[in-house]
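Colleague: Return a 3D structure for these sequence lines:
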Amino acid sequence: MRISPSADGAYRMTHPEPPSSTPLGQSRPDNFLDSWKEIAAYLEREVRTVQRWEKKEGLPVHRQIHEKMGTVFAYKSEIDAWWSERSAKLASTSENVEIAGGPRIVEWPASTAEIEDEELTAATPLRRVRQLAIYAAAVVGLAAIVLGLYEIAHVRDWRFLRRPPFEGMRIARLTFTGQVKDAAISPDGKYVAFVNFDSGGRSVWIYQIVTGSSAQVVPNDIGYWPWGARLTFSPDGNYIYYENLDSPEGTGLYGLYRVPMVGGTPRKLISDVDSAVTFSPDGRRLAFMRNSNQRVEAALMTADSEGTNERKVAVRKRENGFTFEAPAWSPDGMRIAAAIGYGGELVRQQIEVVAADTGRETVLGTRSWRFVGRMGWLPDGRGLVLVARENTSSTNAQIWQVDFPSGDVRRVTNDLANYFCLTGSADGTYWAALQEKVASSLWTLPRGDAGHAKQITPGIDSVDGNSGFTWTADERILYTSLHAGGESMRTVTPDGRNVKDFSLGSGQNRRPSACPDGHYLLYTSQRDTARNVWRADSKGKEIKQLTFGNADGFAQCGADSKWFIYASGNKGHPTLLKMSIEGGQPIAISDKYRDAPRLSPDGLWIAGVFEDPPKHTEIAVVSVDGGELRWPFEVPEGMDWNAHLAWTPDGRGVIYSVIRGGVSNLWVRPLSGGPQTPLTDFKDGHIFSFNWSPDGRELVLARGSITDDAVLFTSRK
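Modeller: Numbering: from 1, shown residues only. Modelled structure (predicted):
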């Protein structure tokens, strides 16, 4: 390149002169290339490639000396020399290989971003092998990372890498009657079966979630008991399994029945079943609980889905036996989860996992509960979802998740409702439960006259008297009150004024009972995992623990205020005892006791619910000194055991609550015999507890409402 003057005196940059144009008809020198296209063709490259080489690698290209500054030419000899030099450099670094049949060297650049399309298409077989090797290594590396994360999340159970099943959960109400007593979801999550309780009786219905339509499956012949019908779908969703009375003769036993989901004739499969059933993953076997009063034990049983070939998997004595909540068969079929800790009021219930083949029992985790309800496995078998009530001041049954096998616990719901009858779809996306909401306030009835009933506590933001109340010596009513802050004690005068808090220290304090002399107050206090009888003075001071078991309560002072009676479940079954007001050794009254003890006005007799094998459960009376049961009579149909019992002021009859058509009313049964007669005639509402004032002039009720409806939980997919 040089600078030379032109004819007009201006200076121009020039290259060596190209050969003169060849006259038409004469051949052009073979050494000459006079365009980008010819240069590219000589190098067997695209034009853009040789242009890049000219700029970046010094390819010898010259410009013509005329106005078309874009016109170029080159000499083959210079290009060959440049190519040879370039090839030698590339070969010396071992980055390229020689192409057979010519001097061309294909470069393997550090970055594929610099490779032109034409170069890529000209890649050698070895280059392709190298590319494939890199791609393969990347795929293997990615697979190793994925497998490593799987191993961490699933084998080593690093939970932080797993999304909680109920994260982003939504809840929707499915029914609006307020009288649903059981619910279960189908395996595909499209249907919910429920028991509806109305004036016609209890019936089983099927509800289609997507349309909101429902149809009756079993008519109004479901026997009354607190657990609904213990519904379960078959794994294929074609049948509904439920419980009903074994026979109308009143044996007290329940049988397992099966009915097609679309309705039809129910078929009885098994007798003497005391829980809902659960199915093995293949649907061929089912498991359930069976209670034996004679052997004082409960057994985990399995049978074929048709009810044949029963097998006893595990047996536990009632002292810490299986509860009557439904077991849950794991997705792999190897184990069955169940609740242990006999009785709904005992306070050390836990989750146990039983090997389905050997019956080997293992407690899951260390957590104990006041109540463990129905449970179900997550689809991957790495945990259980269940209904449970804590051993704290909270009285609500909530939904929890317990991981398997670690036993780690996570709360799913946190509200003032109660949840029961929890079941899930096969994929774990949908869960149905019974949601219970309670409202309660105190009422006074002069001489038991419901026509002049007066409400004395509002019960708007609290549940008053649900867990008991008592009359104090200064004519106040001391009652339990459940509110957003927990459960506590309050006092109120009979006219509804002067509502005050009444502190009894820590723990869940319930079932107060004032002694007649006005000096002491007895109550049940649950602290940690133990429930016992405690004593305080009339001001809530001088607090003293009187019993030291795990499940003691329902204390009531004797007529002279020197002793008290109470119920205990420490021996594996309920027992009725008495003890000095100062504490000490208990004295047994009856081991036939079952529930709802109440002292007579003269303090000589105790009315309650008793079991007297081989007879069935009955209401009877026993002396405070023990002995045989007196004046027994059948437990009335629809009796609400949770409301307990009371005596008439004259001590000649027993009062109890009966639920009919979803409405509670009080009835009286004379001990001398004769028919029961109604004491109240409420048209709506629920009676939770009741008792007379010491002078027998006023009857106090804790009365309100219980609404039970089926709800659907939807977990984010």
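Colleague: okay, CA-based contacts and neighbour counts for the rest of this
Modeller: Will do.
Colleague: what about A326, neighbour count?
Modeller: Residues contacting A326 under the criterion other CA atoms under 10 Å number 27.
Colleague: which residues does it contact?
Modeller: Each residue near A326 by CA atoms under 8 Å, 6 or more residues apart in numbering is listed here: 275-278, 288-289, 338, 373-375.
Colleague: make it 6 Å
Modeller: For A326, the contacting residues are 275-277, 374, by CA atoms under 6 Å, 6 or more residues apart in numbering.
Colleague: ok, these vs V609, which is closest?
Modeller: Checking the contacts of A326 against V609 by CA to CA gives S275 as the nearest, at 21.8 Å.
Colleague: Now K55: which helix or strand?
Modeller: helix 47-56 (DSSP states H and E).
Colleague: Only the buried residues of that helix, if you could.
Modeller: Within helix 47-56, the residues that qualify as buried are 47, 49-51, counting by 16 or more other CA atoms under 10 Å.
Colleague: Show me which of these is closest to S525.
Modeller: Closest to S525 out of those is T49 (90.0 Å), distances taken as CA to CA.
Colleague: quick one: the closest one from D474, how far?
Modeller: Distance of T49 to D474, computed by CA to CA, to the nearest Å: 107 Å.
Colleague: now swap in E361 and tell me
Modeller: Between E361 and D474 the distance, using CA to CA, works out to 54 Å.
Colleague: and those two? which has more neighbours close in?
Modeller: In this view E361 and D474 are compared by other CA under 10 Å, and E361 has more residues nearby, 18 against 9.
Colleague: any idea which helix or strand carries the nearest residue to the more buried one once chain neighbours are set aside?
Modeller: Of all residues beyond its chain neighbours, the one nearest E361 is V354 (4.5 Å), with distances taken as CA to CA, 6 or more residues apart in numbering. Here V354 is covered by strand 350-355, with elements defined by DSSP H and E.
Colleague: Identify all contacting residues around that strand.
Modeller: Under the contact criterion CA under 6 Å, 6+ apart, strand 350-355 has outside partners 335-340, 360-364, 368.
Colleague: Direction included, what does it pair against?
Modeller: Based on DSSP bridges, the pairing partners of strand 350-355 within the sheet are strand 335-340 (antiparallel), strand 361-363 (antiparallel).
Colleague: Report the buried members of the contacts of strand 350-355.
Modeller: 335-340, 361, 363-364, 368.
Colleague: tell me which of these is nearest to D403?
Modeller: L364 (8.8 Å).
Colleague: and that closest one, backbone torsions?
Modeller: Main-chain dihedrals, L364, degrees, to the nearest 10: phi -90, psi 110.
Colleague: Tell me who's in contact with it.
Modeller: Neighbouring residues of L364 by CA under 6 Å, 6+ apart: 351-352, 407.
Colleague: List the beta-bridge partners for the most centrally placed residue in the chain.
Modeller: In the chain, the residue lying closest to the centroid (CA atoms, centre = their mean) is V385, at 3.6 Å. Counting by DSSP bridges, V385 forms beta bridges with G376, Q401.
Colleague: for the stretch 101-250 of the chain, what spans make up the strands?
Modeller: Counting by DSSP state E, counting those that start in this stretch, residue ranges of the strands within the stretch 101-250 of the chain are 170-173, 180-185, 191-198, 201-208, 214-218, 232-233, 239-245.
Colleague: To clarify, my last question referred to the stretch 301-450 of the chain.
Modeller: 311-317, 328-329, 335-340, 350-355, 361-363, 371-377, 383-389, 397-403, 409-411, 418-424, 430-446.
Colleague: Dump those into CSV; add distance to I606 as well.
Modeller: As requested, the strands of the stretch 301-450 of the chain are exported to CSV (distance: least, CA to CA, whole Å):
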stretch, distance to I606
strand 311-317, 28
strand 328-329, 40
strand 335-340, 30
strand 350-355, 33
strand 361-363, 38
strand 371-377, 28
strand 383-389, 30
strand 397-403, 31
strand 409-411, 41
strand 418-424, 32
strand 430-446, 24
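Colleague: could you dump these to a markdown table with distance to A215 and mean pLDDT?
Modeller: Written out in a markdown table, the entries for those read as follows (distance: least, CA to CA, whole Å; pLDDT from 0 to 100):
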| stretch | distance to A215 | mean pLDDT |
| --- | --- | --- |
| strand 311-317 | 36 | 94 |
| strand 328-329 | 28 | 98 |
| strand 335-340 | 32 | 96 |
| strand 350-355 | 36 | 96 |
| strand 361-363 | 41 | 95 |
| strand 371-377 | 25 | 94 |
| strand 383-389 | 28 | 95 |
| strand 397-403 | 28 | 94 |
| strand 409-411 | 34 | 93 |
| strand 418-424 | 20 | 95 |
| strand 430-446 | 18 | 93 |
